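Participant: sequence plus the predicted model coming up.
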Amino acid sequence: MSKNQANRNKSYEKYVNSKVPKPNILKNCLWAFFVGGIICTIGQVVHNLIESIYKYTHLDTSNITTLVMIFLGAFLTGIGVYDIIGKKAGAGSLIPITGFANSIVAPAMEFKREGYVMGVAAKMFSLAGPVLVYGISTSVIIGILYYIF
């Protein structure tokens, strides 16, 4: 690359950086904090209601709450609401368990037009699949090491 070309590249990079909008980090952090907190608060309300109404054990109530929150995340993704929440809240919508449901349902919805077998079923775990594989593999390795040592 010639010196002239390198100078043009630097000049263009400087120009692009001047035009790219700067993110408001504080505002984004606050949105993530509040939306993540609201999702977790909804989960706690669901947990408290199930525990008080049905008198299940704490463990059973926690399992049911997890299922309800996954269902809500998947349902809101299916009707397009969770994407709107995610655009505004960023990581605040990804951290809770509803974000996991979103990561499973969103690719499936994207490929829905290709049919239920080759589209929805085949693409459902395209994003969450690697996370599950590496997460489960890591937990097995740690479990074996814990058992040995």
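Facilitator: Noted; the coordinates are in hand. It should be emphasised that the depicted structure is a prediction, and the values quoted were computed from it without experimental measurement.
Participant: mind checking how far stretch 56-74 is from the chain centre?
Facilitator: How far stretch 56-74 lies from its chain's middle: 18 Å, per C-alpha atoms, centre = their mean, to the nearest Å.
Participant: and stretch 95-113, by the same measure?
Facilitator: How far stretch 95-113 lies from its chain's middle: 8 Å, per C-alpha atoms, centre = their mean.
Participant: and the next helix or strand past the worst-scoring helix or strand of the chain on mean pLDDT?
Facilitator: The weakest-scoring helix or strand in the chain, judged by mean pLDDT, DSSP states H and E, is helix 122-123 (a mean of 64). Next in sequence after helix 122-123, counting helices and strands by DSSP states H and E, comes helix 128-148.
Participant: do a quick rundown of the helices in this structure.
Facilitator: 3-19, 25-54, 58-78, 81-89, 97-110, 122-123, 128-148 (DSSP state H).
Participant: of those helices, which stretch is the most buried?
Facilitator: Greatest average neighbour count among those goes to helix 97-110 (a mean of 20), per mean count of other C-beta atoms under 10 Å. All C-beta spots, glycine's among them, are computed from the backbone N, C-alpha and C.
Participant: so that helix versus helix 58-78, what angle?
Facilitator: Calculated by axes from the mean of the first three to the mean of the last three C-alpha atoms, to 10 degrees, helix 97-110 forms an angle of 40 degrees with helix 58-78.
Participant: packing partners of helix 97-110?
Facilitator: With contacts defined as 3 or more C-beta pairs under 8 Å, 6 or more residues apart in numbering; DSSP states H and E, the packing partners of helix 97-110 are helix 58-78, helix 81-89, helix 122-123, helix 128-148.
Participant: can you list the weak-confidence ranges in this protein?
Facilitator: In the predicted model, the chain carries pLDDT under 70 at residues 1, 111-129, 131.
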